[in-house]
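> Starting from these lines, generate the structure:
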Amino acid sequence: MLLNWSVARLAAVVYFIQGSLGIAGIALPLYLRAQGFSIAKITFITSVASAPWFFKIVYGAISDALPIGGLRRKPYLIICSILSCVGWILLGLFPPYEKWLIIAMMIANLGLAAVDVITDGLVVEYSRKNTAQVYQGIAWGARSVGAAISGFTGGVLAAHMPAQQIFFITAVLPLFSLVAILFLHEKPHPRNIRPKNVIAPILESVGHIIEGDLKWFLALLFVVASSAAIGTPLFFYMRETLKFDEIFLGLLSSTTWIGAILGCLLFLRFFKGVPLRNALYWAIGIGFLDILSTLFIANRESAFVISLLLGVMGYNVLLPMFSAAARFSHATGVEGSLYAILMSLFNLGQALGGFAGGFLYERIGLQALIIGTALVGLSAFLILPRLKKL
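Numbers count the residues shown, from 1 in each chain. I've put the predicted structure just below:
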C-alpha cells in the first residue's frame, strides 16, 4: 500500500482545521442574538451565508479546467485558505448589520467549501484501489477529532472572550492549512484541458437526476436534510429556557461529535454488511427516534445523554444516505460530478430546513416543531419503495 504522504498529511491538516472551525460555533449564534436578531432572522442569515456550499461542484470544475502555473490544486488551495481567513477577519471587523454579516460569512464559507472540494479532488486523484479507504479514514477521523476538540474549547472561549476576538482566533486556523499546502508537492498537469470536458459531466449529471430513480432519491435526501429545522431553535431553547452556560453548550457539542465517532464505528460493525435498502429503512426509523429524543432534554443530565445519542444515531442516518448516493452515482460515467451535486443539494436541503425551522419555531414552539419534523422524516418510508435500483 503506497500512500502519498504529502497528500495524506495535507488531508489530515485540512480536515482537522475544517472540524476545528467549530470553535466559533457557540460564539456566533450568541453574537447574532446579542445584536437583537430573532431566531428566525438568525436562521435566515446563516442559511443564506451557507450558499457557497451549494455550488461545490463549480469550484472543482474551475480547478480542473483552469490550472495556474500548470497546477490544478495547490494554487487554488492557497487562494481559498486565505479567502476563508479574510472572511472571519471581516466578521470581526464589520458592523453587526445583516448584509455585512452575510457578506463576511459567505466569504468565509466560500473559502472553506472550495478548500473542501479541491482537497477531495486531490485525495481522489492520488487514491488507488487499496488506499482509497485509508485516505477517507484520515479525512473523517481528522474532521471528527477537530470538531470534538473545538466544541468544548469554543464554549470556554465564548464564556471568557468577546465574540469578535473569537472570530479573529478562528481566522488563524485556515492559515495552518495554508502552511501544510505550501509543503504539498503536486505533479504539474498539461494545460490543454478544455472547459467543455468539465461542463459536460455536470450537464450529464443533471440529466441523471431528472430521469429515473434519482429524482426520488433527491426527495429522500431533502426529507432527511429537513431534520436541520430543529438545530438552531434547540440551541436557543437550551440557552434561554434551560439556562445552559456557554461552557456546557460547548461540552454538549463535543459530546455529540464523540457520539458521531462511536456511531461511525457502530455502522461499520453492524450495518456494513446489511443490504443498502434495509439499511435505509433502519436509517429512517433511527432518524425518527433521533429527532423525537430531543423532546426529553429538560436538564443538564438529560441533555448530556441525549447529545451523545444524537451523535450516535445521526451518523447511522447519514452514512447509509451517503452510501446510497455513491451507489446511484456508480457506473454512470460521471461518478464524481454526480455525487458532488447530490451532496450540494443535500446542503441546500439543510439550509432550507434550518430556515423553515427558525420561522416555524417562533409561531408554533419547539415541541410542535420537533414533532412535525419527526413526522416529515417518516414520509421517507413512502419514498423508499420508489427506489427500484437499490
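> What about residue 181, how many residues nearby?
Neighbours of residue 181 under the rule other C-beta atoms under 10 Å: 25. C-beta here means a position set from N, CA and C on the backbone, and glycine is covered the same way.
> and what of residue 78?
Using other C-beta under 10 Å, the number of residues around residue 78 comes to 18.
> where's it relative to residue 283, distance?
39 Å (C-beta to C-beta, to the nearest Å).
> Equivalent analysis for residue 277, please.
Residue 277 sits 11 Å away from residue 283, going by C-beta to C-beta.
> how far is stretch 281-296 from where the chain is centred?
20 Å (C-alpha atoms, centre = their mean, to the nearest Å).
> which residues sit against it?
For stretch 281-296, contacts defined as C-beta atoms under 8 Å, 6 or more residues apart in numbering pick out 224, 227, 230, 234, 271, 274, 302, 306, 309-310, 313-314, 316-317, 320-321, 367, 370-371, 373-374, 377-378, 380-381, 384.
> Okay, buried residues for it please.
For stretch 281-296, burial by neighbour count (16 or more other C-beta atoms under 10 Å) applies to 281-284, 286-288, 290-291, 293-294.
> Could I get the average pLDDT for it?
Averaging pLDDT along stretch 281-296 yields 95.
> Using PDB, write down the CA coordinates of it.
Below are the C-alpha coordinates for stretch 281-296, written out as PDB (Å, rounded to 0.1, in the frame of the first residue of the first chain):
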ATOM      1  CA  TYR A 281     -35.300   1.600   6.300                       C
ATOM      2  CA  TRP A 282     -33.300   1.400   9.500                       C
ATOM      3  CA  ALA A 283     -31.900   4.900   9.000                       C
ATOM      4  CA  ILE A 284     -35.400   6.400   8.600                       C
ATOM      5  CA  GLY A 285     -36.600   4.700  11.800                       C
ATOM      6  CA  ILE A 286     -33.500   5.800  13.700                       C
ATOM      7  CA  GLY A 287     -33.800   9.300  12.300                       C
ATOM      8  CA  PHE A 288     -37.400   9.500  13.700                       C
ATOM      9  CA  LEU A 289     -36.200   8.400  17.100                       C
ATOM     10  CA  ASP A 290     -33.200  10.800  16.800                       C
ATOM     11  CA  ILE A 291     -35.500  13.800  16.400                       C
ATOM     12  CA  LEU A 292     -38.100  12.800  19.000                       C
ATOM     13  CA  SER A 293     -35.400  12.200  21.600                       C
ATOM     14  CA  THR A 294     -34.800  16.000  21.800                       C
ATOM     15  CA  LEU A 295     -38.200  16.300  23.400                       C
ATOM     16  CA  PHE A 296     -36.700  14.800  26.600                       C
END
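> what residue is smack in the middle of the chain?
Nearest residue to the geometric centre of the chain (C-alpha atoms, centre = their mean): residue 347, 7.2 Å.
> For it, give me its contacts.
50, 53-54, 56, 225.
> now do 10 Å
50-56, 113, 221, 225, 228 (C-beta atoms under 10 Å, 6 or more residues apart in numbering).
> okay, now residue 172: neighbour count?
Residue 172: 12 surrounding residues under other C-beta under 10 Å.
> gap between it and residue 139?
As judged by C-beta to C-beta, residue 172 and residue 139 stand 22 Å apart.
> cool, residue 240 as well?
On the measure of C-beta to C-beta, residue 240 and residue 139 end up 36 Å apart.
> Among these two, which residue is more densely surrounded?
Using other C-beta under 10 Å as the criterion, residue 240 and residue 139 rank with residue 139 on top: 21 against 11.
> which secondary structure element contains that one?
Counting by DSSP states H and E, the element that carries residue 139 is helix 132-160.
> Could you do residue 96 as well?
Using DSSP H and E, no helix or strand contains residue 96.
> what angle do the helix or strand where residue 265 lies and helix 132-160 make?
Assigned by DSSP H and E, residue 265 falls within helix 246-266. If you take axes from the mean of the first three to the mean of the last three C-alpha atoms, to 10 degrees, helix 246-266 sits at 170 degrees to helix 132-160.
> Show the subsequent helix or strand relative to helix 246-266.
helix 276-292.
> Which segments of this structure make up each domain?
Domains of the chain are assigned by automatic domain parsing as 1-193, 197-390.
> what mean pLDDT does the first one have?
The one in question is domain 1-193. 87.
> Can you give the distance of it from its chain's centre?
For domain 1-193, the distance to the chain centre is 11 Å (C-alpha atoms, centre = their mean).
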